[in-house]
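Student: Need a 3D model of the sequence below.
(chains A, B, C and D, ligands or ions: 4)
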Amino acid sequence: MAGQRPIDRQDDLIYGLGHLKRFACGVGGHVINSPPILELRNISKSFGAVQALSNVRLELHAGEVHALVGENGAGKSTLVKTLAGAHQPDAGVVLLDGREVVLSSPADAQAAGIAVIYQEPTLFPDLSVAENIFMGRQPLRRLRRIDAKACRTRAVELFDRLGVPLDPDRPARGLSIADQQLVEIAKALALDARILVMDEPTAALSGVEVERLFSVVRSLQEAGAAVLFISHRFDEVFSLSRRITVMRDGRWVSTDPADALTVDEVVRRMVGREVSALFPKTDTTAGAERLVVRGLTRYGVFADVGFTVRAGEIVALAGLVGAGRSEVARAVFGVDRYDAGQVLVDGRTLTRGDTAAAIAAGLALVPEDRRQQGLVMELSVERNATLTRRWRLSRLGLLFGGAERRAATIWSDRLQVKTADLGDPVSALSGGNQQKVVLAKWLSTDPRVLIVDEPTRGIDVGTKAEVHRLLSELAGQGVAVLMISSELPEVLGMADRVLVMHEGHLVTDIPRARADEESVMLAATGQGGAP
Amino acid sequence: MQTQPPSQRGASDSSRLVHRFFLFRELGIALALALLIVVTTIVNPRFLTPQGIKDLLLGSTILAVLAVGQTIVVVTRNVDLSVGSVLGLSAFATGSLFMANPNLPIPVALLVGVLLGAVCGVVNGGLIAAARVPALVVTLGTLYVFRGVDYTWATGRQINAADMPPGFLHMGNATVAGVPVLTLFAIVVIVVAGYYLRTFRSGRELYAIGSSPAAARLSGIPVGRRVFAAFVVSGALAGLAGVLYAARFGTLDANAGSGFELNVVAAVVIGGVAIFGGSGSVYGAALGAVLLTTIGSALPVLGVSPFWQRAAVGALILAAIGLDRALAVRLTRTLRHSTRTEGP
Amino acid sequence: MKRQARTRAILGSWDAVLLIAVVAVVLVGALAIEGVASPRFWRFVTLEAIPIALIALPMTLIVITGEIDLSVASILGLTCTVMGQMWLWGITSLPLLLAVCLLLGALLGAVNGLFVTAFGLPSLAVTIGTLALYRGLAYVVLGDRAVADYPPEWTMGAIAPIPGLTIPWMITVVAVLAVVFGVVLHATPIGRGLYAMGNNAEAARFTGISVLRTKFWLFVATGAMSSLAGVFWTLRFASARADNGNGLELAVVAAILLGGVSIFGGRGRLIGVIAAVILLGILRNALQLAYVPANTLTIITGSLLIVSVVGPNVAGMVRDRLRRRRPTTP
Amino acid sequence: SEETPAAPQASAGASGSQAPAAIKEGLKIAFLPKAVNNPYFDASDNKGGKVAVEEFKGVYSQTGPSEASPSAQVSYINTLSQQGTDVIVVSANDKDAICGALNEARAAGAKVVTYDSDTNPTCRDAFINQASAEGIAASQIKLISEAVGPDGGEIAILSATANATNQNAWIEMMKTELAKPEYAKLKLVGTVYGDDDDQKSFQEAQGLLAKYPNLKGIISPTTVGVAAAARYLSGSEYKGKVQLTGLGTPNQMRAFLKDGTVKSFALWNPSDLGYLAAYTGGALASGMIAGKEGDKFTAGKLGEYTVGKDGAVLLGDPFVFTKDNIDDFDF
Ligand SMILES: Nc1ncnc2c1ncn2[C@@H]1O[C@H](COP(=O)(O)OP(=O)(O)OP(=O)(O)O)[C@@H](O)[C@H]1O
Ligand SMILES: Nc1ncnc2c1ncn2[C@@H]1O[C@H](COP(=O)(O)OP(=O)(O)OP(=O)(O)O)[C@@H](O)[C@H]1O
Ligand SMILES: [Mg+2]
Ligand SMILES: [Mg+2]
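Tutor: Ligands and ions are numbered 1, 2, ... in the order given. I've put the predicted structure just below:
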């Protein structure tokens, strides 16, 4: 396979992917008997009326991977930020090696040997990837001058360790979410920290990168580091971690060895009730062709992509990270222009590059990057949720708060958005709850064609089931659903058909009956033949 | 893994192009500048006599020094609109100082001017960093306040060339190997600032702050301290510019440097410094300052009617930023199309 | 995060603070300074405020979308000179003059809008350029001449008071326009879009809001309103000159910022801006009456601006600090 | 200049039926310059007008915008009118734009005297002319002609703002003057504007020399411009080769007279201008004169003046400063 993937921008990076490996299970053979190197005691933190953490405790030992799980909004990220010195707790103490410390700024935490990968990437778009990794602790030459060459070579070493051929000289702007996440990981590794905290590092990654990451984490663990790992994917949690702490509603619920727990038990503790089955796909009979895409080409990004989605169908678009799935979705929705091809909804051709027209024709897109593309972080939950319907909610061109509030209430109840007040800015919501607001925003438009790009990224099990149920329900009502997902079980569980993209081309179209992990992954890595 | 080597090469090819583009960006301004000078000289050879060159260099010096300070602030996603007022204050202070002590050594005057500017910078930076408020508003406020202080202090007085020591005024006019002494100050400032921003951690951190303030905070960069320092430096450079102004113009009243702020911002923007922070260099900004002053002095020489001059300056500013943009877009497109031909 | 939320809560009531300040200044002024209570004072204050308000209305919307237009005063000046030149050519129909001027303003605004939206250039840079360009064109049109021989019906008509009052009738035009802009900003889908694009243009694009088209039309509107202010200016001062309204852009920007509009876009309300325009006008005139010298007025204007942003933030921080201290002290 | 024969005070009463013989005490007299912070107006108002007002026991004040603009001046006129000022002495930033406000102030009882820069005659009671336009133009042309020498050559004008009323009037008169046969060898090649801004004037002077290689002389009839041009010339290779004259203050120009950049320049005494304006205002407000042509009054130490056509009062001819007399002056 030649590595000539089409690229979009001058700063785009081209790289291929290694072979897919299965998760290597197994945990390092350390026995916990040493005192914890990090201990949190009775940490409490509130934001205005929201009690994000109350009396949370946590112990991290050298050489262990400790998983932290909980529903969206349980307080995991808040705990991480407290550890990172980005938030100061209202009460409680942090002990490092048994001594009480005050982490009053991120610099303090770094100095104490704590490296953090935040849930949302925190890169400097204008700076090069290498500079991003070493910002504030670049290798120095004489007279405290930065050694740019050392910077570069060390970045390359780090990427080799992670198995990603990212170019250290390219600017961070324009990196895909996955690549951003990888840079974040490299940044944390570069710290050589004793304590590594990772807040959903895998949410944007596909299997290959996840496996690479895990092998790195295991080697760190063997070298004696303590790792705190947060994820909503239980296979990862159980394959990587030795102990699992469950949080609910800002409180500590339990900490147990992973061996002593089952997925069901963890979910029960997280949610406080039994969760219905995931992927409740009901069979529907496909109706007329709703969305037809023909020969869609955007030079350097994707070429000659054509497919149809029928009413009542859920079609999954699978592929490796960077295969160009999101780009296709954006072009179809009119956010990006395309160079050739045609998009038809219910037989009518859409003007290219016109989002408003696409929406008017009944298209909806739940984008992959909720912070940049999905939400206006400074605006309230209510405004965000009704932004797509502002014309419909207006009377004689006038729009008053009441109509928006009512509409927003309905949908936030339906999706169980956890917020103190609909007037709060969405930036105050937890990641998962933010995702729900994006869903609310688009589902409320009664779309005829719904495109969802990684709809359940960062969403907890309970809500995930709810989202899946919603998608099925919508399909049942005759909506054509195009679902982009990097999670194979989700793809296989939900889709009537699976389209697979590889390097900007649609390589195969597999019906539900024949779709399995093997066939999809082979096609995604460019090794599968025609169906 | 056979895919890796070729793709990685491709990647660094593209990034090299990116680098070349950024180099080109400053080259583009330099080119525009050269073009302007050549055309003007063809029309009027006197434009490039030693006297003409000296005038050009002297003319750009003060704006260039201010542009360096402004760049340091702008890369942190802030802006300092008060520089014109700080310059005025420092220039008047220098004059008053010399009136009171005609025998004062010049370095002392320089030091006092720079210190006074730095104090103004402390006011700006202190308010902005401590209260975390938008720089544009604060410095628009201090633009008024510093100017008001200057007015109140001067109360219609004027300091004339005759009031200042000849040695000081001589410095404003003297040349070393054809290069005015004042310009040497500017060159030193540009080189030091440029080198610092590129090769020291704290310099890079300024870019990081401008690129993403929130991320900078989470990375443990002392954002407040750095922004504060950037404003102090900008103030100090404006103070230095004030002393240079006094040396060059000799006549000082409270209006010195009023309205400069827009010129400085224009110079920085023309020089390719992103107004929203994170990228750009002091070399570009200084070139922008030279280009802007050259436009100002070339137009009268070209015989453009005084009524058309202002319009021409505006049109050239638009042309400069438009051209810069067009180059960037074109480069992107070329890259995209070139990959198409070899792509699948 | 938390501080921001609090700041916002206080900023939400910043309008209230400004309105109270207006009332306070009026009361104190009326009691302490001779002349503030007189009807003539109000006439002068409103006459001064009208052009600033006319420009500030559309400009507030532009700033909320995260852009800025510094060329407004130059558009005003160019309009004045074109109006003067047309008068010299013998065009004596006021409606025609007005129509041509508004069209011209819209056109000049469209040029700004084109540069910003079609070429993707930062508006601050573009409008610094057109600030010089338009002012320069004003000099090209009239040069060193001034046109001042407008019929007194026009010049008197422009500043004629509302019957029975001393306040000029133009203020009703401003009021109607303020309501129009206020409703558009705060109670229409378009207004919602403006806030959205001011905060996150990309998300707005993903929501089907035509960011570029909206911004373009806002620049057009600002141009037209600046021209309207230009026509008023010409008639009020009975003088069309190339330097009319020189430097007015800073006064407008100052009023908008004092009004609590975030320079980064996405935040602010029109009522605050209007209160700020009034506050600045009253304060300035009242202090002049109280023999405060111009130089001190300059300092006061600047300090007000600083206080307008630093005040709420520091108050928020102090409250934050106090609140955090309380639970820890046993 | 119009000679004012030293007539006895008795004849001053001719203008009114029972005109008072002296200026009333306690008159509120306010000076409104183009902009405060301008040294020229500091000299005319605070060193001239103030002295006069104190002499006749009035209440002196100076107020005005910090930057020269007609609209800001209007605001101050309104304020002065509300404050019940008896006399507003104003130097107009625009001869038309402040008319409306001045007339409103006059309707409210104030007398308006313009000085330095006039408004339309219809909106003021008297204008104190520092020197007639003809006088200034004639003296400027004469000075440059002498400096350049008998061979003549190209000359240029560096003015203030393009809209300055007085400047434009002078420039027009200079052109008329140049048309006279004795100046046939002088050729006016251009007029540029330094906006009364030091740096802009400096650059414009520089531009003039680059553009006109054969330039022999520059006239800058504005204090800011002439100082800037002198500074440029004195620091350049053109010093002594290109002649400069204009209207400047002695303190600003002293150094350049002495180093030979400038041979001579002219100016009236700004303090006298303010002094005369104050007395004229006082006389008007006391009803001693009405501002009609032929009215006579005594202006303290300056002696007696007669109101000329259109309410203009002429201060006198400009004074020519040279190396030899410059040290007698300090303003
Ligand atoms: N800056 C803030 N201001 C106000 N409330 C906040 C803020 N940050 C977090 N919260 C609230 O604190 C609670 C915990 O949020 P947190 O982000 O820690 O959840 P989480 O467990 O990480 O969830 P997820 O799995 O969705 O990422 C939520 O209710 C959230 O709304
Ligand atoms: N905003 C952007 N600017 C520039 N390039 C981008 C941007 N987003 C993605 N890319 C690039 O476009 C290519 C295709 O990315 P895309 O996001 O479409 O892939 P994908 O198959 O959807 O993968 P993912 O699982 O990350 O969504 C990637 O190489 C990525 O680097
Ligand atoms: Mg989280
Ligand atoms: Mg994607």
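
Student: Using the record, which stretches count as separate domains in chain C?
Tutor: C:60-246, C:247-318 (automatic domain parsing).

Student: Next, count neighbours for the closest residue to ligand 4 within chain C.
Tutor: Per CB to the ion, C:F206 is where chain C lies closest to ligand 4, at 13.4 Å. From N, CA and C alone the C-beta is placed, and that goes for glycine too. A total of 27 residues lie near C:F206 under the criterion other CB atoms under 10 Å in any protein chain shown.

Student: Test for you: state the pLDDT assigned to it.
Tutor: With respect to pLDDT, C:F206 has a value of 92.

Student: and it, what is it in contact with?
Tutor: The contact partners of C:F206, by CB atoms under 8 Å, 6 or more residues apart in numbering or on different chains, come to A:F333, A:V335, A:T355, A:L365, A:P367, A:Q373, A:G374.

Student: Tell me the secondary structure of C:I300, please.
Tutor: What DSSP: H, G, I helix; E, B strand; the rest coil gives for C:I300 is helix.

Student: what about it, how many neighbours?
Tutor: Neighbour tally, C:I300, other CB under 10 Å: 18.

Student: Surely it touches C:A290?
Tutor: No: using CB atoms under 8 Å, C:I300 is not in contact with C:A290, being 11.5 Å away.

Student: Once you drop chain neighbours, what's closest to the one residue in chain B that gets nearest to ligand 3?
Tutor: Of all residues in chain B, B:L218 sits closest to ligand 3, at 14.2 Å by CB to the ion. Nearest non-adjacent residue to B:L218, counting by CB to CB, 6 or more residues apart in numbering or on different chains: A:T122, 4.9 Å away.

Student: and if you look at C:I271?
Tutor: Nearest-residue entry for C:I271: C:D15, 4.9 Å, with adjacent residues in sequence omitted and distances by CB to CB, 6+ apart.

Student: so the one you found is in which element?
Tutor: Element membership of C:D15, judged by DSSP states H and E, is helix C:14-32.

Student: in the stretch 151-300 of chain B, what spans have low per-residue confidence?
Tutor: Judged by pLDDT under 70, the stretch 151-300 of chain B has no weakly predicted residues.

Student: Would you state the strands of it in chain order?
Tutor: For the stretch 151-300 of chain B, applying DSSP state E, counting those that start in this stretch gives strands covering B:175-176, B:179-180.

Student: and among those, the most buried is which?
Tutor: Among the strands of the stretch 151-300 of chain B, strand B:179-180 has the highest mean neighbour count (mean count of other CB atoms under 10 Å in any protein chain shown), at a mean of 19.

Student: Okay, and D:V192 sits in which element?
Tutor: strand D:186-193.

Student: close to chain B, is that strand?
Tutor: Yes: against chain B, strand D:186-193 shows contacts by CB under 8 Å from any CB of the partner chain at D:T191, D:V192, D:Y193.

Student: How about stretch C:222-240?
Tutor: No: judged by CB under 8 Å from any CB, stretch C:222-240 makes no contact with chain B; its nearest approach is 15.2 Å.

Student: tell me how far that stretch is from the chain's mean position?
Tutor: 14 Å (CA atoms, centre = their mean, to the nearest Å).

Student: mind listing what's buried in it?
Tutor: For stretch C:222-240, a neighbour-count test (16 or more other CB atoms under 10 Å in any protein chain shown) marks C:222-240 as buried.

Student: Good, we can wrap up now.
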